[in-house]
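sharing a sequence plus its predicted fold:
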Amino acid sequence: MRLCTFNVNSIRQREEIVKNLINEYKIDIICMQEIKTEEVNFPKFDDMHCIIHGQKKLNGVATCSVFEIEKYQKGFEGELSEARFIYALINGIHIINIYAPLGDNYGERFEYKIYFYNKLFEFLKNFDLQKDKILICGDFNISHTELDVWDEEIWEGEVTHLPEERAILSKFLDIGFIDIIRKKYPNEKVFSFYDYRGAAVYKNEGLRLDYILVTKPLFDKFKDVEILTAIRRKRKPTPSDHVPVVAEFDI
DNA sequence: ATGGCTAAGATACTTAGA
């Protein structure tokens, strides 16, 4: 089973890139973020089942699968104002697709980011983290450690790399999740986002904001993960500012 | 293409992204 997480930065602008990616990498399940459109304008994906949680202009997430989607939930209980969360049960795996709020340096949007993660941890109480196969993927908008920022001095005190945010990522690991990208690259700076501004990708000025976290029962089936940076470096068609990440499991 | 932002909604420019 091959699963991809990809912040597409508008599905209408990225339809060709996404469909080529699915074909080339034989993706079975793709979790997209920042689709930036409502469900009615989401393109058709042949031979895939899609759960779309969209809104006009901003945000929006979609989970598409070649396998049957046994059940799903769009948004958290009592929190439907911004489309940032889809839960889907596929092949006995609980798949959570998130687009976390960016937040700001300790303003109102930062509070919303903390609230969003509190809602996510609350949602996880539905599961047995020791026994269930759970996968959380998407754009966390957190750069966990100094390995996840291109320049630690520049990023100190900036949103995505504030101590409270880094603690949230650590909390996932503390409760039993495994960061499969970091498992593959334990000591290496690898990135999944390059700002469009300042030619960041050509200078390797990136951040790692996109994650695939899995519980132990699923980690036992983990084979490999790839960060497809080459797609980000192409000029035409215009890439997303985020990089697709593809994970393979022996399932 | 030897430098350098992009998308949406609006309809010439603002807002948001990280």
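In hand now; what should we look at? Residues are numbered from 1 along each chain as shown, chains lettered A, B, ... in the order given.

report the contact partners of residue A:222.
A:180, A:183, A:214, A:247, A:248, A:249, A:250 (C-beta atoms under 8 Å, 6 or more residues apart in numbering). In this view, the C-beta of every residue, glycine as well, is placed from N, C-alpha and C.

next one: residue A:133
Counted by C-beta under 8 Å, 6+ apart, residue A:133 has contacts A:92, A:93, A:94, A:214, A:215, A:217, A:218, A:221.

need the residues you listed in a markdown table (columns: neighbour count, secondary structure and distance to residue A:195).
Formatted as a markdown table, these follow (neighbours: other C-beta atoms under 10 Å; DSSP: H, G, I helix; E, B strand; the rest coil; distance: C-beta to C-beta, whole Å):
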| residue | neighbour count | secondary structure | distance to residue A:195 |
| --- | --- | --- | --- |
| A:92 | 11 | coil | 38 |
| A:93 | 23 | strand | 33 |
| A:94 | 19 | strand | 32 |
| A:214 | 25 | strand | 28 |
| A:215 | 24 | coil | 32 |
| A:217 | 17 | helix | 37 |
| A:218 | 24 | helix | 32 |
| A:221 | 14 | coil | 35 |
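
could I get the average pLDDT for the strand or helix carrying residue A:153?
In this assignment (DSSP states H and E), residue A:153 forms part of helix A:152-155. Averaging pLDDT along helix A:152-155 yields 94.

hmm, the helix or strand following it in reach of DNA strand B?
Along the chain past helix A:152-155, the next helix or strand (assigned with DSSP H and E) turns out to be helix A:163-174. No - residues of helix A:163-174 are not located near DNA strand B by C-beta under 7 Å from any atom of the strand, the shortest gap being 10.8 Å.

tell me what helix A:163-174 is packed against?
Applying 3 or more C-beta pairs under 8 Å, 6 or more residues apart in numbering; DSSP states H and E, we find helix A:163-174 packed against helix A:108-123, strand A:178-179.

tell me which of those sits nearest to DNA strand B.
Among the helices and strands packed on helix A:163-174, helix A:108-123 comes nearest to DNA strand B, with 6.6 Å by C-beta to the nearest atom of the strand.

for chain A, list the residue farthest from the centre, please.
Among residues of chain A, the one most distant from the C-alpha centroid is residue A:153; the distance is 25.4 Å, by C-alpha atoms, centre = their mean.

and the stretch 101-250 of chain A, which residues reach DNA strand B?
So the stretch 101-250 of chain A meets DNA strand B at A:101-102, A:109, A:139, A:141, A:159-160, A:193, A:195-199, A:202, A:207, A:209, A:235, A:238, A:241-242 (C-beta under 7 Å from any atom of the strand).

mark which of those are buried, thanks.
Burial by neighbour count, 16 or more other C-beta atoms under 10 Å: within these this picks out A:101, A:139, A:141, A:159, A:160, A:193, A:207, A:209, A:241, A:242.

of the helices and strands packed on helix A:163-174, which is nearest residue A:26?
Residue A:26 lies closest, by C-beta to C-beta, to one member of the helices and strands packed on helix A:163-174: strand A:178-179, at 23.7 Å.

who touches the closest one?
A:144, A:169, A:172, A:173, A:211, A:212, A:213, A:214, A:215, A:216, A:219.

report the mean per-residue pLDDT for that strand.
98.

do the same with stretch A:217-234
The model assigns stretch A:217-234 a mean pLDDT of 97.

now the strands: where do they sit in the stretch 1-150 of chain A?
Assigned strands in the stretch 1-150 of chain A, in chain order: A:2-7, A:29-33, A:49-53, A:61-65, A:69-74, A:85-90, A:93-99, A:134-139 (criterion: DSSP state E, counting those that start in this stretch).

and the angle for the last one with strand A:61-65?
Here strand A:134-139 runs at an angle of 130 degrees relative to strand A:61-65 (axes from the mean of the first three to the mean of the last three C-alpha atoms, to 10 degrees).

beta partners for residue A:99?
Taking DSSP bridges, one obtains residue A:139 as the residues bridged to residue A:99.

thanks again, I'm all set now.
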